[in-house]
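1. Got a sequence here, can you model it:
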Amino acid sequence: MISLNKTLLNDLLSQPTAPFKEGYVLSFLKGILEHHEIPYFLDTHQNLLLGASSQQEYRALLKSKKNSPLLIFAAHMDHPGFHGLEWISKKLLQVKWHGGTPTSHLQGSRVWLQSEYSSQTQWSGSGKIIKAQLTASGRSIESALIELNTPVDIQLKAASIMGGFQFKSPVWCEENLIYTHVADDLVGCFSILSLALQYLSKTSQSKKKRGKSSPLFLGLLTRAEEVGFIGALSHLELGYLSKAQRRVTFVSLETSRTLPGAEIGKGPIVRLGDRFTVFDAGALRGLIETAEKHLPGKYQKRIMDGGSCEATASSAYGIPSIGISVPLGNYHNQSLEGGPDAAAPGGPAPEFVAVKDIQGMIDLCEGLILSKFNWKDPWNNKRKELKVLLNQYKKLLNHSP
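-> Numbers count the residues shown, from 1 in each chain. Have a look, this model is predicted:
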């Protein structure tokens, strides 16, 4: 079992990020990968691929004719946040929001601001919302006017600034819960990183398990998921996966809003589908059997229709897809379950997850990696069970109705 590295998790959750401005997360991950000699490369659109060192190696893995499927674990590096639009004064900044947000109790709410990773001027600050405009649907913020706590006294382009809601700390723990400004989906990224450190690293103790010619899995960490799977779609459009000769199974790892039957602290969720679609029945059979074997009584199972995920995007491109989720409190920083440093219902609040649910997601992914499940005939075990049932009633069936 892979032990959860809380220090690494806290460091990752502390990174600033927003759609299209994932540079700090990307830099942090690259540093870890390089230190542990984990192969990776960036695709044309700066999505991060773990387990292959180049596009050529990636293509070769997809063309290999192995019986087992190539598992691709996917998570996204962004979280809803804002981009600077225009300086109104040295203390007032007009911003554009990207992704889901709280919709009430916004005036006076605290925000953090940061120059994007690629900016020539490194700067960080804080402020508050003094005016917010919701989208036409009323479900999220369209734009806002931010008042900085301290005037900017340097030449800093508005467009180089990113930000989001600020709480008492980027991340902290209370009992067995982790509170943070961004769990969705840096928790998924952390899970993939944990797997990579165990099974893809040249310095790992698991060299024998890595295999000589092919990694046990690949990781895909994407950009701008919060505005419509943009990073995942851009990768799918590159055509690598559509030309695969080996069976590929896409596994979306998400941090998803709580629902009845998908509750915090009761284990990871086998995601049968999302708001848009159900997932691949054969691949789901493998996931469910793996969960029964590795997490009996410690996982949850349901359609997570509170939102959609990147498995919808991969399904649309004809790739067998499944999903695993960690239940998330205060989804998209909107106070739904309350907790410390949360505004009134509907207002800004830190997201939170249970440590044991993250560990469960990692355990389930590891089970999939090491599974000897019959992916060529995923219904084999269930069909055997059904035949036993049929044989019990064959004598009665032979009688005329």
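2. which residues in the stretch 151-300 of the chain form strands?
-> Residue ranges of the strands in the stretch 151-300 of the chain, as given by DSSP state E, counting those that start in this stretch, are 161-165, 171-174, 177-180, 218-222, 248-257, 269-274, 300-304.
3. Check which helices and strands the first one sits against.
-> When contacts are defined as 3 or more C-beta pairs under 8 Å, 6 or more residues apart in numbering; DSSP states H and E, strand 161-165 packs onto strand 81-87, strand 92-98, strand 110-115. Every C-beta, even on glycine, is put in place using the N, C-alpha and C of the backbone.
4. longest helix in this structure, by residue count?
-> helix 355-370 (DSSP state H).
5. If you count neighbours, what's buried in it?
-> 355-369 (16 or more other C-beta atoms under 10 Å).
6. How far does the first helix or strand past that helix going along the chain sit from its chain's centre?
-> Next along the chain after helix 355-370, taking DSSP states H and E as the criterion, comes helix 380-392. Between the mean C-alpha location of helix 380-392 and the chain-wide mean there is a distance of 37 Å, by C-alpha atoms, centre = their mean, to the nearest Å.
7. what's near enough to touch the closest residue to residue 305 other than its chain neighbours?
-> Using C-beta to C-beta, 6 or more residues apart in numbering and skipping the chain neighbours, the partner closest in space to residue 305 is residue 275 (4.5 Å). By C-beta atoms under 8 Å, 6 or more residues apart in numbering, residue 275 lies in contact with 304-308.
8. Need the buried ones from those residues selected in PyMOL.
-> With 16+ other C-beta under 10 Å as the criterion, this PyMOL line picks the buried residues out of these:
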select buried, resi 304+307+308
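9. Tell me the backbone dihedrals of residue 347, please.
-> phi -90, psi -180 (degrees, to the nearest 10).
10. which residues touch it?
-> Going by C-beta under 8 Å, 6+ apart, residue 347 touches 102, 104-106, 109, 334-335.
11. Pull out the buried members of the residues you listed.
-> With neighbours counted by 16+ other C-beta under 10 Å, the contacts of residue 347 contain buried members at 102, 105-106, 109, 334-335.
12. now the closest residue to residue 139 other than its chain neighbours: how far from residue 345?
-> Take residue 139 and drop its neighbours on the chain: the residue closest to it by C-beta to C-beta, 6+ apart is residue 103, 6.6 Å away. Computed as C-beta to C-beta, to the nearest Å, the residue 103 to residue 345 distance reads 11 Å.
13. Please identify which of the two sits among more neighbours.
-> The residue with more neighbours, out of residue 103 and residue 345, is residue 103; 17 against 14, by other C-beta atoms under 10 Å.
14. pretty sure the more buried one is in contact with residue 137, am I right?
-> No - if you go by C-beta atoms under 8 Å, residue 103 and residue 137 don't touch, sitting 9.8 Å apart.
15. quick check: domain ranges of this structure?
-> Here the domain parsing of the chain from automatic domain parsing is 6-79+173-382, 81-170.
16. The last one: end-to-end distance?
-> With C-alpha to C-alpha, to the nearest Å as the measure, the ends of domain 81-170 fall 14 Å from one another.
17. Throw the strands of the stretch 151-300 of the chain into a markdown table and include mean pLDDT and distance to residue 126, thanks.
-> Converted to a markdown table, these look like this (pLDDT from 0 to 100; distance: least, C-beta to C-beta, whole Å):
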| stretch | mean pLDDT | distance to residue 126 |
| --- | --- | --- |
| strand 161-165 | 98 | 9 |
| strand 171-174 | 96 | 17 |
| strand 177-180 | 98 | 17 |
| strand 218-222 | 98 | 28 |
| strand 248-257 | 96 | 25 |
| strand 269-274 | 96 | 35 |
| strand 300-304 | 96 | 34 |
